[in-house]
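Student: Let's see this in three dimensions:
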Amino acid sequence: MEAWLKAIFFPGFVFLLVVFLMIFYLERKILADVHLRTGPYYVGKWGLLQTTADVFKLLQKEFIIQKRANKLLFSLIPFVAFLMVAILIAFIPFSAHSYIVSTSFDLLLILALVTGMPPVFFYAGWASKSKYSFIGGLRVVNQMISGEIPLWLSALAAAVFYGTLNHLEIIQKSSIVSFFVLLPAFLIFITATLIVTDRPPFDIPEAEQEIVYGFLTEFGGFNYAILVLSKLVELFALYSVAVVLFLGGFKGPILPGVVWFFIKVAALYFFTFVVRASTPRIRMDQLLRFCWKVLTPLALLNLAFVILIKMFIA
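Tutor: Numbering: from 1, shown residues only. Predicted structure coming up:
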């Protein structure tokens, strides 16, 4: 299939929309089940169309820009954020042939794009010219930078162990041995992913009881939907990277590779939903202490451990 067709259909834009309609539905249902509630029920069979109805509701809302806002940045930032995170999907091999592009630096390019996200969300708050949005933008930058360092270090540990930055080569070299050697890196990577993508219990920038709604306060309608979708695409992309680096990617018996890939991603999402349903939000100072005094030192120690293992294996 031509690269432009893949970019549009699979694993491109249409694929992302379908995936996120399903993820929204499953998240609501799993949260409801953990909380002993019903969840979406009336709109469509088993409530399957509830998320679609919510999307159409957002699209119909009025697009409002307050007078003091930087109108150009305020309008463009949501699309820039979505474009940056959507590019991440281009480097994910969902099967041996289901990817848009493969380079010698897949992992490096993905991490570079993720590292470029904090300024985008900061400018989303700054362009609103609202003190609540501005403070929310500062908070999200604080959190994302603190989480990106252990994220980088844990991904670097996997790259050192495999000796390559190409995702397809990493999957080919993965084994049960690599899983156990990189298990600490995997746990650090997943924790850092929750921090970087503002998932509970680290959903601090949007904490309503602390700073209204963070950098998203002044956004509504379609622009709000695009910003939220950007965060969700980032989570999906980083979970896909985790599957590639630590869980063998599309490897698996009997079933097609793409099925195994999505089973592994679904397992990570199930973990995320259960964590959201069962843990309280922590404070910003607690998060920063955890990142800098616990997670980053552990990531450094793990990197040193992997380097020693690699030396002995070599």
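
Student: which stretch of helix or strand covers the residue nearest to residue 19 when sequence neighbours are not counted?
Tutor: Leaving aside its sequence neighbours, residue 19 sits nearest to residue 236 (CB to CB, 6 or more residues apart in numbering; 6.7 Å). C-beta here means a position set from N, CA and C on the backbone, and glycine is covered the same way. Assigned by DSSP states H and E, residue 236 belongs to helix 221-246.

Student: got the angle between the helix or strand following that helix and helix 221-246?
Tutor: Under the assignment DSSP H and E, the closest C-terminal helix or strand after helix 221-246 is helix 257-278. Counting by axes from the mean of the first three to the mean of the last three CA atoms, to 10 degrees, helix 257-278 lies at 110 degrees to helix 221-246.

Student: Which other helices and strands does helix 257-278 contact?
Tutor: Here helix 257-278 touches helix 13-34, helix 183-196, helix 221-246, going by 3 or more CB pairs under 8 Å, 6 or more residues apart in numbering; DSSP states H and E.

Student: Export only the CA atoms of it, formatted as PDB.
Tutor: Provided in PDB are the C-alpha atoms of helix 257-278 (Å, rounded to 0.1, in the frame of the first residue of the first chain):
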ATOM      1  CA  GLY A 257       0.900 -10.000  14.400                       C
ATOM      2  CA  VAL A 258      -1.400  -6.900  14.300                       C
ATOM      3  CA  VAL A 259      -3.900  -8.700  16.600                       C
ATOM      4  CA  TRP A 260      -1.100  -9.500  19.200                       C
ATOM      5  CA  PHE A 261       0.100  -5.900  19.000                       C
ATOM      6  CA  PHE A 262      -3.400  -4.600  19.900                       C
ATOM      7  CA  ILE A 263      -3.900  -7.200  22.600                       C
ATOM      8  CA  LYS A 264      -0.700  -6.000  24.300                       C
ATOM      9  CA  VAL A 265      -1.700  -2.300  24.000                       C
ATOM     10  CA  ALA A 266      -5.200  -3.100  25.300                       C
ATOM     11  CA  ALA A 267      -3.700  -4.800  28.400                       C
ATOM     12  CA  LEU A 268      -1.700  -1.600  29.100                       C
ATOM     13  CA  TYR A 269      -4.900   0.500  28.700                       C
ATOM     14  CA  PHE A 270      -6.800  -1.800  31.000                       C
ATOM     15  CA  PHE A 271      -4.100  -1.200  33.600                       C
ATOM     16  CA  THR A 272      -4.400   2.600  33.000                       C
ATOM     17  CA  PHE A 273      -8.200   2.500  33.500                       C
ATOM     18  CA  VAL A 274      -8.000   0.500  36.700                       C
ATOM     19  CA  VAL A 275      -5.300   2.900  38.100                       C
ATOM     20  CA  ARG A 276      -7.600   5.800  37.300                       C
ATOM     21  CA  ALA A 277     -10.600   4.200  39.000                       C
ATOM     22  CA  SER A 278      -8.700   3.200  42.200                       C
END
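
Student: Name the residues of it that are buried.
Tutor: 257, 258, 260, 261, 262, 264, 265, 268, 269, 272, 273, 276 (16 or more other CB atoms under 10 Å).

Student: In TSV: the residues you listed, plus pLDDT and distance to residue 296.
Tutor: Listed next are the buried residues of helix 257-278 as TSV, based on pLDDT from 0 to 100; distance: CB to CB, whole Å:
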residue	pLDDT	distance to residue 296
257	82	34
258	87	35
260	92	32
261	91	30
262	90	31
264	94	26
265	92	26
268	94	22
269	92	26
272	91	22
273	90	27
276	88	24
